[in-house]
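Undergrad: Structural data only, the sequence is not supplied:
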């Protein structure tokens, strides 16, 4: 009972797509990555489908891809290519479970 009295339970809600886009824009600015509005919206969709963490983690490789293509800004196409290359944690776990017989156990 003593422990329960000390606990504070804070209810949190999932981020809305607009909030995700805002967070991603801030993160891109902090990392000095230029991303246009269309690309931020696409990244927000990825975050909504997977997780905000995964969307944030795609920023750096997308910036590197854009740079290697001679671009200064991350494009929607860069994000789509990077999204196809990297799986989020849930998709990765699902793939591993489906193909468990192909791995050493």
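TA: It's in. As the structure is a computational prediction, the values presented were derived from the model and not from experiment.

Undergrad: Which stretches in the chain count as helices?
TA: Defined through DSSP state H, the helices belonging to the chain, from first to last, are 2-6, 17-30, 37-49, 52-68, 76-85, 89-98.

Undergrad: now those as CSV including distance to residue 104?
TA: Using the backbone N, CA and C atoms, a C-beta is placed for each residue, glycine as well. Conversion of the helices of the chain to CSV gives the following (distance: least, Cβ to Cβ, whole Å):
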stretch, distance to residue 104
helix 2-6, 43
helix 17-30, 37
helix 37-49, 31
helix 52-68, 27
helix 76-85, 25
helix 89-98, 12
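
Undergrad: For those helices, could you give me a markdown table that also reports mean pLDDT and mean neighbour count?
TA: As requested, the helices of the chain are arranged in a markdown table below (pLDDT from 0 to 100; neighbours: other Cβ atoms under 10 Å):
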| stretch | mean pLDDT | mean neighbour count |
| --- | --- | --- |
| helix 2-6 | 72 | 6 |
| helix 17-30 | 96 | 15 |
| helix 37-49 | 94 | 19 |
| helix 52-68 | 96 | 18 |
| helix 76-85 | 95 | 17 |
| helix 89-98 | 90 | 11 |
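
Undergrad: For the residue nearest in space to the middle of the chain, which non-adjacent residue is closest in space?
TA: With distances taken as Cα atoms, centre = their mean, the chain has residue 55 as the residue nearest its mean C-alpha position (1.3 Å). Distances taken as Cβ to Cβ, 6 or more residues apart in numbering put residue 47 closest to residue 55, at 3.3 Å, once the chain neighbours are dropped.
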